[in-house]
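Trainee: Give me a model of this one.
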Amino acid sequence: MVTSNPWEYLKAATPARIALGRAGHALPTRELLAFQLAHARARDAVHLPLDVGALQAELPNAIALHSEAPDRAAYLRRPDLGRRLDPRSAEAIAAMRAPVAWIICDGLSAVAIHRHAAPLLRELSRPEPLLLVEQGRVAIGDAIGELLQAELSVVLIGERPGLSSPDSLGIYVTYQPRAGRTDADRNCISNVRPEGLTYQEAARKLLWLIGAARSRRLSGVGLKEDSARALPDAG
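Mentor: Numbers count the residues shown, from 1 in each chain. Take a look at the predicted model:
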């Protein structure tokens, strides 16, 4: 017999696992199986390979690149390899120049990239050049931005999967990207997906951050995202 939780009505307000009820001293079988399924989806998201061909069909001008991590196993064991381009990729873009380096990385969830990168970029009028990096981490934007002599790097990346969000997309903005930058030098927009931050709202926040970073010549902890204040008074 399953004993329900008196807070069950709160489940309508959050995807978090709350008010699961109990069967004796254990979770109900239904909730246990749902947890195991969510855990399996999160693991699958980490290991699913990026389908570069499918993404280039949606984003035909995207340039395919690769980090120094030769495969997924190396990527997961050696984070440092995911922060650098392999020599062939570095050579392919060495002559390019762009004010903003727009970078798409599989990160820890290629599922997030496949589901959300193209719809988000449509909200941004498909900026170019688009660089599509396999086995990439956030900091690869520093290496690419430095090569392109870019003022800013914008990295769209699959975030670490959660048990309720295996497909969360993150966006990282870095002013004057170059080797040696740290996470304190970046601004992050997280949980971009229809169930979290919508594409339209994420695009609005991103464009505000790009403009603010350029005008103030900084990003990271010194740049506080207050784009809501810049909106006209609805009253």
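
Trainee: now the helices for this structure?
Mentor: With helices called from DSSP state H, the chain shows them at 29-47, 52-58, 72-77, 87-92, 110-123, 140-148, 199-216.

Trainee: Leaving out the residues flanking it, which one is nearest to residue 175?
Mentor: residue 219 (3.9 Å; C-beta to C-beta, 6 or more residues apart in numbering). Every residue, glycine included, has its C-beta placed from N, CA and C.

Trainee: The one you found touches residue 187, doesn't it?
Mentor: Yes - using C-beta atoms under 8 Å, residue 219 is in contact with residue 187, at 5.2 Å.

Trainee: before we move on, back to that, what is the neighbour count of the residue nearest to residue 175?
Mentor: Residues contacting residue 219 under the criterion other C-beta atoms under 10 Å number 25.

Trainee: That one: what's it in contact with?
Mentor: By C-beta atoms under 8 Å, 6 or more residues apart in numbering, the residues touching residue 219 are 152, 173, 174, 175, 185, 186, 187, 209, 213.

Trainee: center of this structure - which residue?
Mentor: Centroid-nearest residue in the chain: residue 170, 2.5 Å away (criterion: C-alpha atoms, centre = their mean).

Trainee: can you tell me which residues contact the closest residue to that one other than its chain neighbours?
Mentor: Spatially, and ignoring its direct neighbours in sequence, residue 170 is nearest to residue 159 (4.4 Å; C-beta to C-beta, 6+ apart). Taking C-beta under 8 Å, 6+ apart, we find residue 159 in contact with 107, 108, 109, 112, 168, 169, 170, 190, 191.

Trainee: likewise residue 84?
Mentor: 67, 68, 140, 143.

Trainee: Just give me the neighbour total for residue 208.
Mentor: For residue 208, using other C-beta under 10 Å, the count is 17.

Trainee: could you list every residue that touches the residue lying farthest from the centre of the chain?
Mentor: The C-alpha centroid of the chain is most remote from residue 1, which lies 42.1 Å away (C-alpha atoms, centre = their mean). Taking C-beta under 8 Å, 6+ apart, we find residue 1 in contact with residue 23.

Trainee: Could I get the pLDDT score of it?
Mentor: We have a pLDDT of 73 for residue 1.

Trainee: what sits up against stretch 197-208?
Mentor: 116, 119-120, 122-124, 154, 171, 173, 189-192, 225, 227, 230.

Trainee: May I see the PyMOL selection of the buried members of the residues you listed?
Mentor: To isolate the buried members of these in PyMOL, using 16 or more other C-beta atoms under 10 Å:
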select buried, resi 116+119+120+123+124+154+171+173+189+192
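
Trainee: quick revisit: next one: the residue farthest from the centre of the chain relative to residue 27, how far apart?
Mentor: 14 Å (C-beta to C-beta, to the nearest Å).

Trainee: cool, and residue 166?
Mentor: 21 Å.

Trainee: And residue 108, by the same measure?
Mentor: Counting by C-beta to C-beta - residue 108 and residue 27 are separated by 27 Å.

Trainee: Quick check on the two: which one has the bigger neighbour count.
Mentor: residue 108 (23 against 17).

Trainee: Surely the more buried one touches residue 160?
Mentor: Yes - using C-beta under 8 Å, residue 108 makes contact with residue 160 at a distance of 4.7 Å.

Trainee: okay, and for this protein, where does confidence drop off?
Mentor: Within the chain, the ranges that satisfy pLDDT under 70 run 227-235.

Trainee: Now with 50, please.
Mentor: Applying pLDDT under 50 to the chain flags residues 232-235.

Trainee: So what pairs up with the nearest residue to residue 187 once chain neighbours are set aside in the strands?
Mentor: Distance criterion C-beta to C-beta, 6+ apart; nearest residue to residue 187, sequence neighbours excluded, is residue 173 at 4.6 Å. Residue 173 has these beta-bridge partners by DSSP bridges: residue 154, residue 187.
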